[in-house]
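In: okay, sequence plus prediction incoming.
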Amino acid sequence: MKVIIDVAACQGYACCMMEAPSVFDLNEDEGKVILLQENPSEDLRTQVDTAARTCPAKAIRLENG
C-alpha cells in the first residue's frame, strides 16, 4: 500500500495522527501532516485506512500495490 498526502488540502486536524501515529505526524509550525511511512506494512492497513476515511479534509489517499 502506498499513502499519498495532499498537503495543500490538509487542515491540520490530526485525525490521521490519532488513528495511525506510526505513519502520520503533524508539523506543528505549519499545521500540516507529515508522512512518516510512504509504504507502511500490511499490518497497519486497518489503521491507515481508518485515518484516510476519517480525514475531514480528505487529504489522504491510498493506492494498493
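Out: Thanks, I have it.
In: ok, now which ones touch residue 40?
Out: Counting by Cβ atoms under 8 Å, 6 or more residues apart in numbering, residue 40 touches 1, 3, 20, 22-23, 48. Backbone N, C-alpha and C define where each C-beta goes, glycine included.
In: now the farthest one out in the protein, which residue is it?
Out: Most distant from the centre of the chain: residue 29, at 17.6 Å, with distances by Cα atoms, centre = their mean.
In: ok, back up a step: can you say which of the contacts of residue 40 are buried?
Out: With neighbours counted by 16 or more other Cβ atoms under 10 Å, the contacts of residue 40 contain buried members at 1, 3, 20, 23, 48.
In: surely the first one and residue 39 touch.
Out: Yes. With contact taken as Cβ atoms under 8 Å, residue 1 and residue 39 are classed as touching, separated by 6.8 Å.
In: CA atoms only: put the helix ranked longest in the chain into PDB for me.
Out: Ranked by residue count under DSSP state H, the longest helix found in the chain is helix 45-54. Extracted in PDB, the C-alpha atoms of helix 45-54 (Å, rounded to 0.1, in the frame of the first residue of the first chain):
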ATOM      1  CA  ARG A  45      -3.600  -1.300   6.800                       C
ATOM      2  CA  THR A  46      -6.700  -1.000   9.000                       C
ATOM      3  CA  GLN A  47      -5.200   2.000  10.900                       C
ATOM      4  CA  VAL A  48      -4.200   3.800   7.800                       C
ATOM      5  CA  ASP A  49      -7.500   3.100   6.000                       C
ATOM      6  CA  THR A  50      -9.300   4.500   9.000                       C
ATOM      7  CA  ALA A  51      -7.100   7.500   9.000                       C
ATOM      8  CA  ALA A  52      -7.900   8.200   5.400                       C
ATOM      9  CA  ARG A  53     -11.600   7.700   5.800                       C
ATOM     10  CA  THR A  54     -11.800   9.900   8.900                       C
END
